[in-house]
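Enquirer: Next input, structure requested:
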Amino acid sequence: MEPADPERWKRAAAAAAIAEVQDGMILGLGTGSTAAHAVRLVGDRVAQGLRITAVATSRATATAARAAGIPLIAPDGLAEIDLCIDGVDEIDPGLRAIKGGGGAMLLEKIVATLARRNIAIADVAKRVERLGARAVPIEVLQAAQGLVTATLTRLGGTGTLRASSAGMVLTDSGHPILDATFPAIPDPLRLARALSEIPGVLGHGLFLTEIDALYCAGPDGLTHQERPADA
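Expert: The predicted structure follows:
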């Protein structure tokens, strides 16, 4: 077994996914450390003549994409894109995931939903048997922060306002993030529905049906999993 090298594993997973990118595609580019490898690799292919247009899921990704020479368009007028490639914070055997560690979960979900095919890329540490070891990020209207926090308590969880040394962390749209932790998430679909029904919740990081395929790399090599047709 090779020594741990998460960045190399992330890059291997990204490279496998990038092999699916074809000329003429509109490509969704995710946010986070794993997705950053995908952006750099797409930039390399664009420099070699690949003709694509990309939709970025955050300002950080847009900045990296422009630096890599990748043409960008806004998602505003799009009804569909060809392919989205993004990382995950956790992913279970059914390709259900938690995302949003980078605070971009709402636009990531919009772009993932626009995509005819959505590929998750990850290192092996992101594979879990059951979701819930990581917090579920929730983007909220500031006026609803108290309401959402209280509702999370009734749902058996705890909401913590995301902050840094500079103060409250805001999404690119200017909204606070509540990181919701639960002792367990036995029914992710039920939780997702409950979160979506809270007034003031703009989006959350449970991605339960959006992911079509996973490329995951680790010390034992690269694995590829497709979502079953009936899932």
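Enquirer: Point out where the chain drops to low pLDDT.
Expert: Within the chain, the segments meeting pLDDT under 70 span 1-3, 230-231.
Enquirer: Output the contacting helices and strands for the lengthiest strand in it.
Expert: In the chain, ranked by residue count with DSSP state E as the criterion, the top strand is strand 115-123. Counting contacts by 3 or more Cβ pairs under 8 Å, 6 or more residues apart in numbering; DSSP states H and E, the secondary-structure elements packed against strand 115-123 are helix 6-18, helix 33-47, strand 81-87, strand 213-218. Every C-beta, even on glycine, is put in place using the N, C-alpha and C of the backbone.
Enquirer: and the gap between the spatially most central residue of the chain and I211?
Expert: The residue lying closest to the centre of the chain (Cα atoms, centre = their mean) is K99, at 4.4 Å. In this view, K99 and I211 are 9 Å apart by Cβ to Cβ, to the nearest Å.
Enquirer: Overlap of the contact sets of these two?
Expert: Common neighbours of K99 and I211 (criterion: Cβ atoms under 8 Å, 6 or more residues apart in numbering): V88.
Enquirer: follow-up on the earlier one: looking at the helices and strands packed on strand 115-123, which is buried most?
Expert: Ranked by mean neighbour count under mean count of other Cβ atoms under 10 Å, the helices and strands packed on strand 115-123 are led by strand 81-87, which reaches a mean of 26.
Enquirer: Show me what it pairs with in its sheet, parallel or antiparallel.
Expert: Based on DSSP bridges, the pairing partners of strand 81-87 within the sheet are strand 26-29 (parallel), strand 115-123 (parallel).
Enquirer: next structured bit after that strand?
Expert: strand 90-91 (DSSP states H and E).
Enquirer: tell me what that following strand is packed against?
Expert: Using 3+ Cβ pairs under 8 Å, 6+ apart as the contact criterion, the secondary-structure elements in contact with strand 90-91 are strand 97-98.
Enquirer: so R193 sits in a helix?
Expert: Yes: the assignment for R193 is a helix, going by DSSP: H, G, I helix; E, B strand; the rest coil.
Enquirer: How about the residue nearest to the centre of the chain: what's its closest non-neighbour residue?
Expert: Spatial nearest neighbour of K99, chain neighbours left out: G205 (4.8 Å); criterion: Cβ to Cβ, 6 or more residues apart in numbering.
Enquirer: contacting residues around that neighbour?
Expert: Going by Cβ under 8 Å, 6+ apart, the list of residues near G205 reads 89, 98-100, 105, 136-138.
Enquirer: hmm, 10 Å instead?
Expert: Contacts here follow Cβ atoms under 10 Å, 6 or more residues apart in numbering; on that basis G205 touches 88-90, 97-101, 103-106, 108-109, 134-139, 177, 179-180, 192, 195.
Enquirer: can you tell me which residues contact T223?
Expert: Contacts were defined as Cβ under 10 Å, 6+ apart; by that measure T223 touches 13, 16, 122, 124, 127, 214-217.
Enquirer: List buried residues within the contacts of G205.
Expert: Under a neighbour-count criterion of 16 or more other Cβ atoms under 10 Å, the subset of those counted as buried comprises 88-90, 97-101, 103-106, 108-109, 134-139, 177, 179-180, 192, 195.
Enquirer: Surely R96 and P188 touch.
Expert: Yes: with the criterion set as Cβ atoms under 10 Å, R96 and P188 qualify as a contacting pair; they are 5.6 Å apart.
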